[in-house]
Every structure is written in structure tokens, then in C-alpha cells.
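[1] following is a predicted model, sequence given first.
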Amino acid sequence: MAAEDNNPSKQTALVVGAGSGIGEALLRRWSENSGWQPLGVSRTSAANASGSTRHIACDYTDASLDSLAHQLLSEQLDLARVVICNGVLQGDHYAPERALSQLNEEAMASVFAINTFLPMRILGALMPLLKRSTAPKVAVLSARVGSIGDNRLGGWYSYRGSKAALNIMLRSAAFELRRVNRQAKLMAYHPGTVDTPLSRPFQKGVDPKVLLTPEKAAEYLDKVLNNAEADGDLSYLDWRGDTIPW
């Protein structure tokens, strides 16, 4: 863990899945802003932590998430920003399906476990902190392909389905959060196509003009969070701040 900066004037900006390209870029960005106390959570405790950034290791089991929540509660942190970056597109033995004949139960279960259930479990563990924080703004990385209305190509069954399921569960969470903290804001966020290992195998048809670096993706996400206003509902937004149809 990096050296702690316990300046009470700083607000905590928490990134879960901090080992991802976007997560690392967010922590670097917030570490350069003297008003933030960045805190990263990932499977290892040394994911490029530097400067004022703290880091906590968490293997995302229920016990580990409970331990994380208890630690943060004991520190009485006021979470001003929370970004949950965890997600998967393909694995060692599976890739996005192009046809129904490619569906595999084990692969589908893996994709849903990481893209849908893990972010919700993280959010559930953090709920006691979000309840007591002053005005937390929370972004969970979703994807445009999770939109039912915007689906005009088909395919990618598990990935699309896992993100659509994430969106509806996040909307329920937004209503629950509204009941305990009316100043909180929750959003499902599409970061665009970012030049990271997750998207690299699928960048062939992407216009280089819209392929974002992790640093640029972090800049856009930071801006969207800054502009978000608590309204008691879930927003489904892209990196431009535009609303995506459900």
C-alpha cells in the first residue's frame, strides 16, 4: 500500500478494478489533482500505485469484499467518486459468439459472473459507505451493446446479455440508493472503444478517430461524472455524455 495521505480536506475517489487500463488512467489523473485522495482496489496491491494513490488488494470473494467494506467504513471515508471497472469480453477458451450454435453454458456463466454479478456484488458491499457519504457519484462500466434498442447487428450473445442484465440491476440499485441517500447518483457508463487489451482483438473495424487512449477515456469519464446531477434514477450514458436508449 502506498503511503497514506489523510488530509481531511480531500475527497476520496475510489476505483475498483484498478488494474484495468481505464482504472489506472483514472487513478493517475486523480493523483495529479490535489483535491482528490485516490484509492484503487484490484486483485494485487501494487497495480501501478504512485504518488498520493493508495491501493488495497481484493480477490472479489464475498469475504474479501466484506473485509474491504469494513476497512473503508472504519476509516469513515466520504466517497465522492466511485468507478467500478471490472469486466470481461473474452477468455482463454471463449470469445463473443456470432451465432446461437456457439453458445456454451460454462462460457456464458463466466461472462455473466464477471460483467453482471461482480459489479453488483461490489456495489452491494459499498452500499453502507454510499449511504453515509455526502454526495457520491458512481459509474459502473457497462457498454453500448447492452442496449436493446440500439441492437441492430445481433451476435455477441453473452456480452450483450450480461451488460443488459447489469443495466436493469443497476436501475433497481439506483432506486434503492435514492431511498437512503438522495444526493447519490448512479450511472451505467459506456466508455467508448478504448485501446486496452480487452478491446484490442476487436479494433480492426474501429475508426482511429474514435479509438480512445486510456488517458482520454479517463478524461471523458471524469467530465461526465462532474456534470452528473442526483435525480434518483439511473443514467445510461456514453463518453460524450449522451443518453443511450435502453
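    Yep, it's here. Numbers count the residues shown, from 1 in each chain.
[2] quick one: secondary structure of the closest residue to residue 11 other than its chain neighbours?
    Excluding the flanking residues, the one nearest residue 11 by Cβ to Cβ, 6 or more residues apart in numbering is residue 80, at 3.7 Å. In short, each C-beta sits where N, CA and C put it, glycine included. Per DSSP: H, G, I helix; E, B strand; the rest coil, the local secondary structure of residue 80 is strand.
[3] run a quick neighbour tally on residue 80.
    By other Cβ atoms under 10 Å, the residues close to residue 80 number 19.
[4] give me every residue that touches it.
    Counting by Cβ atoms under 8 Å, 6 or more residues apart in numbering, residue 80 touches 11-13, 36, 133-137.
[5] which among these count as buried?
    With burial judged by 16 or more other Cβ atoms under 10 Å, the buried subset of the contacts of residue 80 is 11-13, 36, 133, 136-137.
[6] just the residues you listed now: which is nearest residue 42?
    Nearest to residue 42 among the buried ones among the contacts of residue 80: residue 13, at 14.9 Å, using Cβ to Cβ.
[7] okay, strands next: where are they in the protein?
    11-16, 36-42, 54-57, 79-84, 137-141, 185-190, 193-194, 211-212, 234-238 (DSSP state E).
[8] spatially nearest residue to residue 54 (excluding sequence neighbours)?
    Spatially, and ignoring its direct neighbours in sequence, residue 54 is nearest to residue 39 (4.8 Å; Cβ to Cβ, 6+ apart).
[9] how close does that neighbour sit to residue 23?
    For residue 39, the distance to residue 23 equals 11 Å [Cβ to Cβ, to the nearest Å].
[10] quick one: common contacting residues for the two?
    residue 15.
[11] returning to what we had before: what's the neighbour count on the residue nearest to residue 54?
    Residue 39, neighbours per other Cβ under 10 Å, totals 28.
[12] report the central residue of the protein.
    Centroid check for the chain by Cα atoms, centre = their mean gives residue 84 as the closest residue, at 2.4 Å.
[13] isn't that one up against residue 121?
    No. With contact defined as Cβ atoms under 8 Å, residue 84 does not reach residue 121; the gap is 10.1 Å.
[14] export the strands of the chain to JSON lines and tack on mean pLDDT and distance to residue 114?
    Listed next are the strands of the chain as JSON lines, based on pLDDT from 0 to 100; distance: least, Cβ to Cβ, whole Å:
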{"stretch": "strand 11-16", "mean pLDDT": "96", "distance to residue 114": "13"}
{"stretch": "strand 36-42", "mean pLDDT": "96", "distance to residue 114": "14"}
{"stretch": "strand 54-57", "mean pLDDT": "95", "distance to residue 114": "18"}
{"stretch": "strand 79-84", "mean pLDDT": "98", "distance to residue 114": "12"}
{"stretch": "strand 137-141", "mean pLDDT": "98", "distance to residue 114": "12"}
{"stretch": "strand 185-190", "mean pLDDT": "98", "distance to residue 114": "16"}
{"stretch": "strand 193-194", "mean pLDDT": "90", "distance to residue 114": "17"}
{"stretch": "strand 211-212", "mean pLDDT": "89", "distance to residue 114": "22"}
{"stretch": "strand 234-238", "mean pLDDT": "98", "distance to residue 114": "20"}
